[in-house]
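Student: I would like the atomic coordinates for the input below:
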Amino acid sequence: MSQSWIDRIAEAQTLRFEWIGGRRYERRRYGSESRLVAATCRDCGVARGKLHVVGCTVEQCGRCGGQAITCNCDELEAIADARGAA
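Tutor: Predicted structure coming up:
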């Protein structure tokens, strides 16, 4: 594992929350997913209990539990906000 990737893993540990629709959600740690199969994440390499590197394909959304990188919670929240403002 390269030093730059080790640095990215370390940085990810400081990003404990994500903001969706103005609300704070705790990011899900590797191992909290419903299908734990390995000691380290197959995509970003973090160990159990650690936060995924941002952009990891395994990380789940803190709000809906879907795949974080393809989740559309932000978009749905924006639509709901726009409708509420009308």
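Student: CA atoms for contacts and neighbours, from now on please.
Tutor: Noted.
Student: please identify the helix or strand for Asp7.
Tutor: Under the criterion of DSSP states H and E, Asp7 resides in helix 3-12.
Student: and the helices in the protein, which stretches?
Tutor: Secondary structure of the chain (DSSP state H): helices at 3-12, 73-85.
Student: any idea which of those has the lowest pLDDT on average?
Tutor: Of all these, mean pLDDT reaches its minimum on helix 73-85 (a mean of 59).
Student: from the middle of its chain, how far away would the helix holding Asp7 be?
Tutor: 16 Å (Cα atoms, centre = their mean, to the nearest Å).
Student: next one: stretch 16-34
Tutor: When distances are taken as Cα atoms, centre = their mean, stretch 16-34 is centred 6 Å away from the chain's centroid.
Student: in this structure, what helix or strand scores lowest on average pLDDT?
Tutor: Least confident helix or strand, the chain: helix 73-85 with a mean of 59, by mean pLDDT, DSSP states H and E.
Student: where does this protein have low pLDDT?
Tutor: Within the chain, the ranges that satisfy pLDDT under 70 run 34-36, 75-86.
Student: let's see it at 50
Tutor: Along the chain, the model assigns pLDDT under 50 to residues 86.
Student: pretty sure Arg28 is touching Cys64, no?
Tutor: No: at 11.0 Å, Arg28 does not count as touching Cys64 under the criterion of Cα atoms under 8 Å.
Student: so these two - more neighbours on which side?
Tutor: Under the criterion of other Cα atoms under 10 Å, the comparison of Arg28 against Cys64 puts Arg28 first, with 22 against 11.
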